Every structure is written in C-alpha cells, then in structure tokens.
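> Generate coordinates for the sequence data below:
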Amino acid sequence: MVVGAGPSGLVLSLLLAQKGVKVTILDAASALDAQPRATHYAAPTVDELRRAGVLDEILSLGFVPNGVAWRKLDGTLLAAMTPESVPEGNRVVCLPLDKMSKIVYARLEKEKGVEVKWGHKVMDIGQDEERAWVKVETTGGPGTLYADYIVGCDGGNSQIRRSLFGNMAFPGRTWDEQIVATNTYYDMSKFNWLDSNFIVDPEHWYMVAKIQTDGLLRITYGDIPGLSREEYIKRQPMKFKQILPGHPEPSEYRLTNISPYKVHQRCAEKFRVGRFLLAADAAHLCNPFGGLGLTGGLVDVGNLYDCLLGIHLGKASPEILDKYDQVRRQKYHEVIDVVSSQNLRLLLEDPDTSEKVDGFVDLCRKANEDKELSRKMQLFSNDIKYDFTKHYDESSSTTTEVHSEPKDGMKVSHRSVVL
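Numbers count the residues shown, from 1 in each chain. Purely as a prediction, here's the structure:
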C-alpha cells in the first residue's frame, strides 16, 4: 500500500505494478495535486522516469534547459555551465510536477492490480508479524485497510511518519530565510540569460528559471521574515521591480501563482519501522535550490522499488529494507543536506567580497575548460544513487503464496508482496 498520490508515490506504484505487484494507493485528496511545485529532473531522476517508461512523454511536453548561470544583482555573469559535456540521456529535463504526475497517473490507470482510493485520510496505523494496516476516514465512514508493506509517500506533513514517531519528531532545522515562489510570464529574451539563473546577493538573492516551453518562469526570491501571507503578496510588485532585469512594472509581466513558505532541512530518524517505510518528503526535506528534494525523493522510490521487487521475486529477504533505511538516510546526511545547504548559503553571499563565491566561480571557470570536470560537476547528483540489486540472492528466485484473513472478514490473497 502506498499512502500519497504525489509524484513519488505514483512513480513507485507504477514501477511495481509493471512487474505484477498489487498496489493500493490512498490519498486524502479527491484528485491529483494541481500545484506545479518542483520542475527540474536531474540525471538520477531521469533514470527512474526512464525505468517507469514515461520519460519520452515527459520530454515531448517539457524541454532540456540550455544551462545554468550565477549572476550579480545587476546581471553581471559570475559563472555558467552549459550541458554540452553531459551525455544527452543524462541531461536535466524540465516539466512542472503537476504535468509529470498526470502522465504517470494515466499510465497507472492502464495497469492491472492497481487500485487508487481518493478521499481516504489515514488516522492511525498498526502492524503485527504478518501484515500492516491503516485506519482511515472516508466520506463513507471509517475503515481499515491491510497490506504486506505500507509506504508513506504522503509529504512533509506525513501522517505515517507522525504515527510512527510522534507529531513533533522530524529532526533537523528550519531556515530563518523567507522564500516566496512565483510562476510568472515575463519576456527575458532581450537580456540573453540562460534558462536557469541564480542571483547572488545578501539582500536580493533569487532564482529565475524557465519551466515551460511557452516561456513560463519560476521566480523564487528571498524576503524579510515574519510577515503574513497577505503582506508578502502585497510586497511582490516592489520586489520584482527591485530584482528582475529591466525592473518591470506589473503591466509588463503576468503572475499566475505566488506561494510564500519557509524551508526546512529535516530527516526522519528511521525510514523503516517493521512493515512501514518512508520515502521522499515524508522521509526528508531540504531547500529547493538545486532540486535535490525532488531528485532525492524519486531516487528513494526507485531504490525502494528494487528492494520490494527483490522480496516479491524471492531474490531478497525483508532485511534488504534495513539496508534501504541505512543507505537513504546516509545519502541525505552526507550529500542532500550538505549540498542543498551550500547552494542556498552561496546565494546569500556578497559576490564582491566573498571567498566562497570566488572559489565557486574559479571552479566553474576551470570546468568550462575541462569537459570531464564539467561533466562531473553537472552529474554530482548521481552521488545519491545506490544499487540495491547487488544485495539480491540469485540462488533464491521463487515467490510464495500467502493468505491472510483481516479482522473485517475480507479475505486477502497475495504473493510475497502486496502494497
């Protein structure tokens, strides 16, 4: 059972369903989330989308960005990297997450053995040696649903994680910085910037990136902390005039979405508790600069797919899930947390006096002259990958029939894994 019909839960479900694993997806909402949210898929994420068989369709609607630049507030170029040194199949792909989710969901609807239950809000959980269960509230009243394993892909406010560890148990920190994310149409062509740009400034740091082929931009900027949502929205025209090239008036752009929010660096104390597993935002959070939240989440579910499929095929024991717990937490603490934090801190520096900025600019300049260094820098996110199939026991490859009788009297018949 997968709790959460977001991108990670959908991709995990599709990967498993394509191999004949029965999957039930629960979500408290009544339909897919229509918010665009994250947009950029780095190399390891592209690998998982390719495995799920949806990459070609995503590419048909999205695009490959032409590069990334770091600039001063006045637009002066500090450093840039373009994708020529990266093999085409490993380059960053861009498509808003709501559009990607629709593609994956449409594929899921064609798979046998998949059931999606909308309007099912998890209230409590339980497990024993043979199975796990969730107690849910629905429009038709309360109920209990059972599975061999239950995966929490239910976001940063995960009820699965809260039920396992308590409402306040999500170790880590919250950034003091206030972020405001917008989707905006503004003609940037006259400025000759690359598709993705990070502006380094201690007061007016921000990111502007093309996220759709029609020119829609994601403009995410920092603002003073402690204001209300209404105050941040009121300040937006002033901020755009201060920070964007051309210093536009509201009549010169079209705002389609604005969302002020705080960002976190947090990681659950365990990603496995018996038959319950955590992945993606339910397991860990990081700031959005560099796209490691989305990348880490989809790599989580790709790794979890390998583990669960190994169990289903009889090539791995359930102990492989302990390895999943260990490796994914290690990857968060050693790579995702470290690099994403560095990405945000770099934007807050003074580009005229910062040794950090100077060191980063020098490294990028070297990469522009060294294709191998450029390739390694742009594919650094591959460091969060891990091959769990090396823990398979090829001498054992049979599945077993398991029958259980839930307390509600509904008989369940399944193979070695039912989610």
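> CA atoms for contacts and neighbours, from now on please.
Will do.
> Gly143 in helix, strand or coil?
strand (DSSP: H, G, I helix; E, B strand; the rest coil).
> Tell me what it is bridged to.
Beta bridges link Gly143 to Val136, judged by DSSP bridges.
> Contact partners for it?
Lys135, Val136, Glu137 (CA atoms under 8 Å, 6 or more residues apart in numbering).
> ok, the last one - contacts?
Contacts were defined as CA under 8 Å, 6+ apart; by that measure Glu137 touches Gly119, His120, Lys121, Val122, Met123, Gly143.
> coming back round to it: and of the contacts of Gly143, the nearest to Lys112?
Val136 (24.0 Å; CA to CA).
> surely that closest one meets His120?
Yes: counting by CA atoms under 8 Å, Val136 does reach His120; the two are 5.8 Å apart.
> ok, the two, which is more surrounded?
Neighbours per residue (other CA atoms under 10 Å) separate Val136 from His120, with His120 holding more: 24 against 19.
> doesn't Lys121 make contact with Val134?
No: using CA under 8 Å, Val134 makes no contact with Lys121, being 9.5 Å away.
> pLDDT below threshold where in the protein?
Within the chain, the stretches with pLDDT under 70 are 394-418.
> Show me where it has its helices.
All helices of the chain, identified by DSSP state H, fall at 7-17, 43-51, 55-61, 97-108, 159-165, 229-243, 292-312, 320-331, 337-347, 355-369, 371-378.
> I'd like the contacts of Glu137 laid out as JSON lines, including distance to Phe170.
Output for these, formatted as JSON lines (distance: CA to CA, whole Å):
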{"residue": "Gly119", "distance to Phe170": "26"}
{"residue": "His120", "distance to Phe170": "24"}
{"residue": "Lys121", "distance to Phe170": "21"}
{"residue": "Val122", "distance to Phe170": "19"}
{"residue": "Met123", "distance to Phe170": "19"}
{"residue": "Gly143", "distance to Phe170": "28"}
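> Among those residues, which are located in strands?
Among the contacts of Glu137, DSSP state E puts Lys121, Val122, Met123, Gly143 in strands.
> Ser85: what's it in contact with?
Applying CA under 8 Å, 6+ apart to Ser85 gives the contacts Lys371, Glu372, Ser374, Arg375.
> from those residues, which is closest to Gln236?
Proximity of those to Gln236 was ranked by CA to CA; the top entry is Ser374 with 35.9 Å.
> Hmm, Arg365 and that closest one touching each other?
No: look at Ser374 against Arg365 with CA under 8 Å: they stay out of range, at 9.4 Å.
> And these two? Which one has more around it.
Ser374 (23 against 16).
> Give me the nearest residue to that one, chain neighbours excluded.
Ala367 (4.5 Å; CA to CA, 6 or more residues apart in numbering).
> and the one you found, how many neighbours?
20.
> Now distance to Glu334 too, for the ones in strands among the contacts of Glu137, in JSON lines please.
Listed next are the ones in strands among the contacts of Glu137 as JSON lines, based on distance: CA to CA, whole Å:
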{"residue": "Lys121", "distance to Glu334": "34"}
{"residue": "Val122", "distance to Glu334": "32"}
{"residue": "Met123", "distance to Glu334": "33"}
{"residue": "Gly143", "distance to Glu334": "40"}
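> Between the residues you listed, which sits nearest Lys239?
Lys121 (38.8 Å).
> Any idea how many residues pack against the closest one?
Look at Lys121: counted by other CA under 10 Å, it has 21 neighbours.
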